Structure formats: C-alpha cells, structure tokens
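**Q** Sequence and predicted structure, then a few things I'm wondering about:
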Amino acid sequence: MKQPRIRRPSGAPHTPRRPVGDQHPSASGSHAAPDPADSQQRDQVGSEVERQEEPTTLARRSGSSRVVDARDRFASTHRDDAGGRGGLLSRLRPRPWQRSRRPIVITLLIAGVLLVAALAALLFMPQFKLEETTVTGTGYVSEESITQVTGPQMGRSILLADTSGAADEIATIPGVKDAEVDRAWPNRLRVTVTEREPAAVVKNGSATHVVDLDGVVLPKASAQGKDLRTLTVKGEAIDPERTQEALMATLTTIDPALLKQVTGIEASTPSNVTVKITTDSGPKTIIWGTAEDGELKSKVVQALLKQPGSTIDVSAPHSPTTR
C-alpha cells in the first residue's frame, strides 16, 4: 500500500522518516534501544502533520462539490452568543444609554398626564368659572359700562377668558384712555382703568361739551367739581369747526406754567384767537392771533405780564405790544 506523503511544516527541521520496522544497525548486529530524542522529534512532527491534515481532509473534493471548513465561524458565533462582543444576544441586549432613557420617558409621560388633568380641572371644575369683575381706577366713568363688556364672559372657564379683547373694547368707552384686564384666580376678572383728564369746556353755538387736551370729547360727568377753562366759538364765526380746532390747538401749545393762569379762550375765526388770564394785578387779555408759535408766544407773554396795561398783543411774537 502506497504511503501518504507528509508535508513538512514551514520552518520545521527536516528529519528523514524511516520505514516501519527499520532499525538502527549496531556493531554487534543485535536490536539497539530507541533513542528518546529521536522519538520525541517524531511525535512533534506527527502533531504538526495532524494539525495540517485536519482542514485538508475537510476541504477534500467530492465529485463537483467542495466541503468548506466553517467550524471557526460557528465557534466564533457560539463564543459571541455566550457573551463575546458582536453576538446576536449582545446586540439584542439593551445598551446602557437605552436603559437610562427609560426613567426620562416615564417621567415625561407622568408630567403629560398631570398637565392634561390640570387643564381639564381648569376647564370643567366650577371653582374656576368666572363669577365677577372687579374695577379700579374709575372716577366719572361708570363701572356698569365696564361690567357690561365683561358680562358675556361670566360662567366661562377663567382659562378661556378673552382679556385682550375685553381691554380693547373697554378702551372705546368715552372717558377711558387705557384699560388692562387680568385674571384674578380662581374666578374673577380684574379691570384697571386710566381715565382721560378733562381740560376745557367747549361752547360752540348751542352745543357744549367737555374735552381733554387731545380734543377728545368726554362725558359731562367728567367736568363735575372741576374749575375748567372755557373755549368759546363766537356766534359770528364763519367756519365754527375750523375755529374750534384753532382753539384746541392754542390750548395744547400754551406753556404749562402759563396755562395755569388761563381762564378762557375765544375766537371768531381761526386767526383771531384771544386768551384770557388772571394775574396778581388783575385779569388780562392776550391777543394770540393764530395757533402757531405757541411756545414762543407763551414766553413773550410771561416776560410782559408785569408791564402796565391790560392787553398784550403777541400775534406777531417778534414785535409784541402792550396797552
């Protein structure tokens, strides 16, 4: 039977293999004892051959197919599944960052549930239904006119109260300059009003009304208890409307220090405005002319108040006269 050829591993020392039964000759011709070193070397070579033959025999061709050695792959997968890196079980096992997100998600869910519950309580619980409106800052403006604006919101959840819309509507009430509407928990609206300050009473023919410094008409109740100056449009005025505008413009351009002494302003035309004032020496009449150059005219009048005479003409402020 033909002996199989043994491949020598690379790097292994070359040792010729003797046929089975071959014996070392001896000088006497008798059987000699085996050499222990030679026996150890043969065992080492045999082991190397066996390790080399393992994959070779598994990769042996059989017809047209070939058997491939995949033991290392399965062994690696088995080791990975048993706890090594990259295995299927290790990939399915939650990562530390995934485990740390769970408490956050649970906390957010609980917070969301509590928020929904709080909103539901505000919307549907009777303790949070609007029942009344409190008003501050009013003088001559009636509180009833303000509560009529907020009335339709009574019975509604305080969370659904239209505070900005109510404030805008309240600001349109005559005499109201500004308004703020706030929620007063748990069931009230709080309205803070700033009223317009009356500045004069305008007499235009048979019509009389109260105005502020912006010329806005105010309720007559705003003049009660106050000593207001009078703006009079004389009956012979050709253009009463423009004349009244000139009176208002004169009122707003007079210096505040001089305005305190003004008792009335009258005109028959927009260019023929006369201002009446009180002084320590008695009343004086100021021929103002047009409403232009009010600041300059005020300074000239103040400089001439101590001059003798009851009339000061500042219609031409750069060349005033007194008489």
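**A** Alright, I've got the coordinates.

**Q** Just list the residues touching I254, thanks.
**A** Neighbouring residues of I254 by CB atoms under 8 Å, 6 or more residues apart in numbering: 262, 275, 294, 298. No exception for glycine: its C-beta is placed from N, CA and C like everyone else's.

**Q** Could you rerun that using 7 Å?
**A** Neighbouring residues of I254 by CB atoms under 7 Å, 6 or more residues apart in numbering: 262, 294, 298.

**Q** So which of the residues you listed wins on neighbours?
**A** S298 (22 neighbours; other CB atoms under 10 Å).

**Q** Show the pLDDT at that one.
**A** S298 is assigned 95 on the pLDDT scale.

**Q** E50 now?
**A** pLDDT, E50: 51.

**Q** In helices, which of the contacts of I254 fall?
**A** 294, 298 (DSSP state H).

**Q** For E143, state which of the contacts of I254 is nearest.
**A** Checking the contacts of I254 against E143 with CB to CB, the nearest one is V262 at 33.2 Å.

**Q** Write down the beta-bridge partners of that closest one, one by one.
**A** When assigned by DSSP bridges, V262 has beta-bridge partners I277.

**Q** still on that earlier bit, now the contacts of I254 in JSON lines, with distance to L115?
**A** Shown next, in JSON lines, are the contacts of I254 (distance: CB to CB, whole Å):
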{"residue": "V262", "distance to L115": "61"}
{"residue": "G294", "distance to L115": "60"}
{"residue": "S298", "distance to L115": "62"}
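
**Q** Considering the contacts of I254, which is situated nearest to V141?
**A** Of the contacts of I254, the one sitting nearest to V141 (CB to CB) turns out to be V262, at 26.2 Å.

**Q** Would you check that that closest one makes contact with V275?
**A** Yes. Under the criterion of CB atoms under 7 Å, V262 makes contact with V275 at 6.0 Å.

**Q** how many other residues sit next to R156?
**A** As a burial measure, R156 scores 14 neighbours (other CB under 10 Å).

**Q** now do E131
**A** A count of nearby residues for E131, using other CB under 10 Å, gives 13.

**Q** Which pLDDT does the model give it?
**A** E131 is given a pLDDT of 95.

**Q** now do D38
**A** Per-residue pLDDT puts D38 at 56.

**Q** For Y140, which three-state class applies?
**A** On the three-state scheme (DSSP: H, G, I helix; E, B strand; the rest coil), Y140 is labelled coil.

**Q** who touches it in this structure?
**A** 175, 195, 219, 221-222.

**Q** Give me the buried entries from the residues you listed.
**A** Among the contacts of Y140, those classed as buried by 16 or more other CB atoms under 10 Å are 175, 195, 219, 222.

**Q** Assess the claim that the first one and L218 are in contact.
**A** Yes. Counting by CB under 7 Å, G175 sits close enough to L218 to count as a contact (5.1 Å).

**Q** Please identify every residue contacting each of the two.
**A** With CB under 7 Å, 6+ apart, G175 and L218 have common neighbours R196.

**Q** ok so, going back, and the furthest pair within the contacts of Y140?
**A** Using CB to CB, the contacts of Y140 reach their maximum pairwise distance at E195 and A221, which is 10.6 Å.

**Q** Is it possible to get the contacts of Y140 out as a markdown table so that each row also shows secondary structure, distance to P317 and pLDDT?
**A** Converted to a markdown table, the contacts of Y140 look like this (DSSP: H, G, I helix; E, B strand; the rest coil; distance: CB to CB, whole Å; pLDDT from 0 to 100):
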| residue | secondary structure | distance to P317 | pLDDT |
| --- | --- | --- | --- |
| G175 | coil | 36 | 96 |
| E195 | strand | 35 | 97 |
| P219 | coil | 37 | 95 |
| A221 | helix | 38 | 94 |
| S222 | helix | 33 | 95 |
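
**Q** Now render those residues as JSON lines, adding distance to L258.
**A** Below are those laid out as JSON lines (distance: CB to CB, whole Å):
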{"residue": "G175", "distance to L258": "27"}
{"residue": "E195", "distance to L258": "25"}
{"residue": "P219", "distance to L258": "28"}
{"residue": "A221", "distance to L258": "28"}
{"residue": "S222", "distance to L258": "23"}
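
**Q** Tell me the one of the residues you listed nearest L115?
**A** The shortest approach to L115 among the contacts of Y140 belongs to E195, at 41.0 Å (CB to CB).

**Q** could you pull out the strands for the stretch 151-300 of the chain?
**A** 176-184, 188-195, 198-204, 207-212, 217-218, 229-233, 262-267, 273-279, 282-289 (DSSP state E, counting those that start in this stretch).

**Q** could I get those strands as TSV with distance to E144?
**A** What follows is the strands of the stretch 151-300 of the chain, written out as TSV (distance: least, CB to CB, whole Å):
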stretch	distance to E144
strand 176-184	13
strand 188-195	12
strand 198-204	21
strand 207-212	20
strand 217-218	17
strand 229-233	30
strand 262-267	34
strand 273-279	39
strand 282-289	42
